[in-house]
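A.B. asks: What shape does this take:
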Amino acid sequence: MGSLRNRIVWIVVVALGIILTSFLAVTRQEVNQQNMEMTRNLTEQIIEAKSAQISGWMDQRIAEVQVLTESELLRPWI
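C.D. replies: Numbering: from 1, shown residues only. Here you go, the predicted model:
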C-alpha cells in the first residue's frame, strides 16, 4: 500500500508543480505587459512636459528679442 501512496503523492506533487509553473509564467507575462504600458505612458508624459517647458522657454526668448528690436536704444544699429 505504501508504494501506491508514494505514487499518488508523487503524481500530486508533479501536477502541483506544473500548475504552479504555468501560473507563474502567465503572471510574469501579465506583469511585463503592464510594466511596458506604464513605461510607455510615463515616457509620453515626460516628453509632453518637456516639450511644453521648451515651448515656454522659446516663447520667452522670442518675446525678449521682440522687445529688444522695438527698443529705441537699438534702432540705430538695426
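
A.B. asks: Distance check, the spatially most central residue of the chain against Gln60.
C.D. replies: By C-alpha atoms, centre = their mean, the chain has its centre lying nearest to Thr39, at 0.8 Å. From Thr39 across to Gln60, the span is 32 Å (C-beta to C-beta, to the nearest Å). Bear in mind the C-beta positions are built from the backbone N, C-alpha and C, glycine included.

A.B. asks: Quick check: the residue nearest to the centre of the chain vs Thr27, distance?
C.D. replies: With C-beta to C-beta as the criterion, Thr39 and Thr27 are 18 Å apart.

A.B. asks: Could you do Asn6 as well?
C.D. replies: 31 Å.

A.B. asks: repeat for Ile18
C.D. replies: Distance from Ile18 to Thr27, by C-beta to C-beta: 15 Å.

A.B. asks: Over to Thr21?
C.D. replies: 11 Å.

A.B. asks: can you give me the helices in this protein?
C.D. replies: 2-70 (DSSP state H).

A.B. asks: residue ranges with poor pLDDT in this structure?
C.D. replies: 1, 72-78 (pLDDT under 70).

A.B. asks: same thing but 80
C.D. replies: 1-2, 70-78 (pLDDT under 80).

A.B. asks: residues in contact with stretch 32-40?
C.D. replies: Residues outside stretch 32-40 that contact it (C-beta atoms under 8 Å, 6 or more residues apart in numbering): none.

A.B. asks: Off-centre distance for it?
C.D. replies: Remark: stretch 32-40 is offset 6 Å from the chain centroid, using C-alpha atoms, centre = their mean, to the nearest Å.

A.B. asks: Put the alpha carbons of that stretch into CSV.
C.D. replies: The C-alpha trace of stretch 32-40 is given here as CSV (Å, rounded to 0.1, in the frame of the first residue of the first chain):
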residue,chain,number,x,y,z
ASN,A,32,5.8,42.5,-18.0
GLN,A,33,2.9,43.7,-20.3
GLN,A,34,1.6,46.1,-17.6
ASN,A,35,5.1,47.4,-16.9
MET,A,36,5.7,48.1,-20.6
GLU,A,37,2.4,50.0,-20.8
MET,A,38,3.1,52.0,-17.7
THR,A,39,6.6,52.8,-19.0
ARG,A,40,5.2,54.0,-22.4
